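J.: Just the structure for this:
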Amino acid sequence: MDVKGRFTYVNQVMADFMRHPAQDLIGRPFNDYLHPKDRGGILRLFLNTVLLRRMPKEVELQAIGPDGTIRHLLMRPSRMQLGGKTVGFNVVMIDITERKRMGDRLRASEERYRSLVERMHDALLVFGEDRRIEFTNRQVEAFVGYKPEEIIGERFDKLLTPEGMKGIVERYEKRRRGEPVPSTYELQAVARDGTVKDFEISAALYTIDGKPKTIAAFKDITERKRMEKELERHAKHLEELVEDRTEELKESEEKFRRISEVSLDAIYTTSLDGEILDMSPAGVSMFGFESLDELKKVNIRSLYVNPNDRMRLIELAEKGPVRSFETRLRRTDGKIVDVLINNYALRDGDGGVVGFQGALTNVTERKELERIKDQVTSSALVEIAKSRELEKMKDQFISAVTHELRTPLVSIKGYIDYVVSGELGSLPAEVASSLNVAKRNTDRLISLTNDLLDFRRLEAGKFKVDKAPLNLQDVIKDCAEEIHLSLNQRKQKLNLEVAGRPLPIQGDAVRLSQVLVNLLVNASKFTPGEGVITLRARVKDDTIEVQVSDTGIGIRKQDLMRVFEPFAAIEKPSYIEGTGLGLSITKGLVEAHGGKIWVESPGEGKGATFTFLLPRWKEAT
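T.: Below is the predicted model:
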């Protein structure tokens, strides 16, 4: 170029770059082919070079081709001098268009990368072999509370728990040795405030400028881990519930199976079209079949005497459970069975009816009895009414006679006791003997009337028991003293085996004395002279157990269940007297105290043991 910037020579490469033939460029100012923003600059360059002799080594310019395309140039000018004057310029032009474009893309890519890194939800850290942090994004502050500038240059250890650090060092060493290491793993980090958080790390090892670097992305999974633990807890709880429910269902099925097996009713399950799917043993027998498999070959529709009854039953069951539906079914031998049906529909998940389940109660005998009852004449009903009236009159008579007898008997006894006592003076031997006979018979009559009165009260439910806290030991002691003389006369021995600690109960001392005396007297009557009677009493769990045993004549096995019946016709020696009500009254008194009584005997000649239990009074303990 000359000093005014006009082309004096261009090579072919320059002509191609400028998109003009070389001859068209000669003599033309270079400035005409430049971008407007660079035109003033190139003129100043040439002017400064000529006047001030200051020539830059490189200048970047933008040239415009004939098609308007902008090209980037790197111009390297040098002066041409003649006689010490600048007469022109030698210029080397380098096309840097692609390089500029690559640079722009790289800068744009870098900007996008930086923007992406800063907007990441994960914390990104870069550290070297010494584990010192060289780079991190802003998300690290949200995770652990440190700003990037606060931890850059710090060792990575600062952010980890000891266990977390141990784990990452082990992985780092394995990676250095070339061993396979999962790229993603979990560890715990310590935040600035001391909070321990769970993180998921994705790490990769790179070589930058010949040095190994680790790039790690941290994802905060603290909440996820908490939720996992919560879900695990709920899952475990759900498993336990399912196990419990499964066990309950098993127990329920087993209970249903047992009930089905022992039930007197026929428990069944059928399909919608009447196929018998299951039937309890009672049902198989009810319809005269040998086995369930044999019954399953029959459709339940064929068992109905009136097919319309089954259609009516299905219509009702589709609306809800059916109770006491009455119909008649036919056995395999042709006999008719009257039944009551309780039935409900089995449904699928969509609510559609798929079958039926229920129970059949055989009421054939009841229906027959009802038919017989309808045939009973009115005269028979009158006879029954008369019989009941006579029974009522008998009860009233016994009650009246008992009360009327007791009053004069007590009076007679009083006079006889007074005369026998000697208050009126000594009596002739013959008179005294006669009076003693009268006294014994009077005592027997009074005992009989008292037993009858007690028995009638028990039957009527009007027997009064006045309960109060007491120690049964005291009652036992009083009864033993009361019967002592009678046992001595028969040369019988009474053994008391009573617990050393109190026997607390809520009871009526008078009535319990009556129970004990009745049992002791009964034992004495059925035990020969010089026999042994034993009274035991102890605390047993929540009860007080009392036993009266004897070495007497025993009780036959067939009589054990009848000894507590009033006036029971049980064989006994003729010399044994009694009203036949004592044990019945004793049983009623024990039950009135909330207890129970029973008798045991190995057999005739081997004695007997009467045992009763009374509730222990817990407040006393």
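
J.: can you give me the strands in the stretch 1-150 of the chain?
T.: All strands of the stretch 1-150 of the chain, identified by DSSP state E, counting those that start in this stretch, fall at 59-64, 70-82, 85-95, 123-127, 133-136.

J.: State the mean pLDDT of the second one.
T.: Mean pLDDT, computed over strand 70-82, is 85.

J.: got the CA positions of it in CSV?
T.: Provided in CSV are the C-alpha atoms of strand 70-82 (Å, rounded to 0.1, in the frame of the first residue of the first chain):
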residue,chain,number,x,y,z
ILE,A,70,-17.9,-9.7,7.2
ARG,A,71,-14.5,-11.3,7.6
HIS,A,72,-12.1,-10.8,10.4
LEU,A,73,-8.4,-10.0,9.6
LEU,A,74,-5.3,-9.8,11.6
MET,A,75,-3.1,-7.2,9.9
ARG,A,76,0.7,-7.1,10.5
PRO,A,77,2.1,-3.9,8.8
SER,A,78,5.6,-2.8,8.2
ARG,A,79,7.0,0.5,6.7
MET,A,80,8.7,0.8,3.3
GLN,A,81,11.2,3.6,3.5
LEU,A,82,13.2,5.4,0.9
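
J.: what lines up beside that strand in the sheet?
T.: Using DSSP bridges, the strands paired with strand 70-82 are strand 59-64 (antiparallel), strand 85-95 (antiparallel).

J.: Indicate which one of the ones you listed is closest to residue 485.
T.: For the strands paired with strand 70-82, distance to residue 485 was read as Cβ to Cβ. The smallest value, 144.8 Å, belongs to strand 59-64. Backbone N, C-alpha and C define where each C-beta goes, glycine included.

J.: So what touches the closest one?
T.: Residues outside strand 59-64 that contact it (Cβ atoms under 8 Å, 6 or more residues apart in numbering): 17-18, 33-35, 37-38, 41-42, 45, 70-75, 77, 96.

J.: Generate a PyMOL selection restricted to the buried entries among the residues you listed.
T.: Buried residues among the contacts of strand 59-64 (16 or more other Cβ atoms under 10 Å), as a PyMOL selection:
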select buried, resi 17+18+33+34+38+42+45+71+72+73+75+77+96
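
J.: What number of residues are in the vicinity of residue 280?
T.: 24 (other Cβ atoms under 10 Å).

J.: I'd say it and residue 269 touch.
T.: No - contact criterion Cβ atoms under 8 Å: residue 280 and residue 269 do not qualify, at 9.9 Å.

J.: right, and residue 157 touches residue 164 too?
T.: No - the criterion here is Cβ under 8 Å, and residue 157 misses it with residue 164 at 9.3 Å.

J.: Settle it for me: which of the two has more neighbours?
T.: Using other Cβ under 10 Å, the more surrounded residue of residue 157 and residue 164 is residue 164, with 20 against 13.

J.: Endpoints of stretch 547-564, how far apart?
T.: Using Cα to Cα, to the nearest Å, the end-to-end distance of stretch 547-564 comes to 16 Å.

J.: gap between it and the chain center?
T.: Distance of stretch 547-564 from its chain centroid, counting by Cα atoms, centre = their mean, to the nearest Å, is 51 Å.

J.: list the buried ones in that stretch?
T.: Using 16+ other Cβ under 10 Å as the test for burial, stretch 547-564 gives 547-555, 559, 563-564.

J.: same question, stretch 25-36
T.: By neighbour count on 16+ other Cβ under 10 Å, the buried set for stretch 25-36 is 25, 29-31, 33-34.

J.: Please apply the same query to stretch 518-531.
T.: Residues of stretch 518-531 classed as buried by neighbour count (16+ other Cβ under 10 Å): 518-527, 531.

J.: Let's have those residues in CSV, adding secondary structure, distance to residue 592 and pLDDT.
T.: Shown next, in CSV, are those (DSSP: H, G, I helix; E, B strand; the rest coil; distance: Cβ to Cβ, whole Å; pLDDT from 0 to 100):
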residue, secondary structure, distance to residue 592, pLDDT
518, helix, 14, 88
519, helix, 16, 92
520, helix, 20, 93
521, helix, 20, 89
522, helix, 19, 88
523, helix, 22, 91
524, helix, 24, 91
525, helix, 24, 88
526, coil, 25, 89
527, coil, 28, 91
531, coil, 31, 92
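
J.: which one of the residues you listed is nearest residue 597?
T.: Set against residue 597, the nearest of these by Cβ to Cβ is residue 519 (9.0 Å).

J.: Enumerate every residue touching the closest one.
T.: Applying Cβ under 8 Å, 6+ apart, we find residue 519 in contact with 548, 586, 610.

J.: Residue ranges of each domain in the chain, please.
T.: With domains defined by automatic domain parsing, the chain comprises 12-102, 120-220, 263-363, 378-456, 464-620.

J.: Out of these, the one nearest residue 228 is which?
T.: Nearest of these (Cβ to Cβ): domain 120-220, 9.5 Å.

J.: what about the nearest residue in space to residue 527 that is not next to it in sequence, distance to residue 597?
T.: Distances taken as Cβ to Cβ, 6 or more residues apart in numbering place residue 552 nearest to residue 527, at 3.5 Å, with adjacent residues excluded. Distance, residue 552 to residue 597, by Cβ to Cβ, to the nearest Å: 18 Å.

J.: got the strands of the stretch 1-150 of the chain as TSV, with distance to residue 150 columns?
T.: Formatted as TSV, the strands of the stretch 1-150 of the chain follow (distance: least, Cβ to Cβ, whole Å):
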stretch	distance to residue 150
strand 59-64	41
strand 70-82	43
strand 85-95	46
strand 123-127	13
strand 133-136	10
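
J.: Packed most tightly, which of those strands would that be?
T.: Of all the strands of the stretch 1-150 of the chain, strand 123-127 has the most neighbours on average by mean count of other Cβ atoms under 10 Å, namely a mean of 21.

J.: pull the CA atoms of it into PDB?
T.: C-alpha atoms of strand 123-127 as PDB (Å, rounded to 0.1, in the frame of the first residue of the first chain):
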ATOM      1  CA  ALA A 123     -23.500 -28.400  44.900                       C
ATOM      2  CA  LEU A 124     -20.500 -28.800  42.500                       C
ATOM      3  CA  LEU A 125     -17.000 -29.100  43.900                       C
ATOM      4  CA  VAL A 126     -13.600 -29.500  42.200                       C
ATOM      5  CA  PHE A 127     -10.600 -30.600  44.300                       C
END
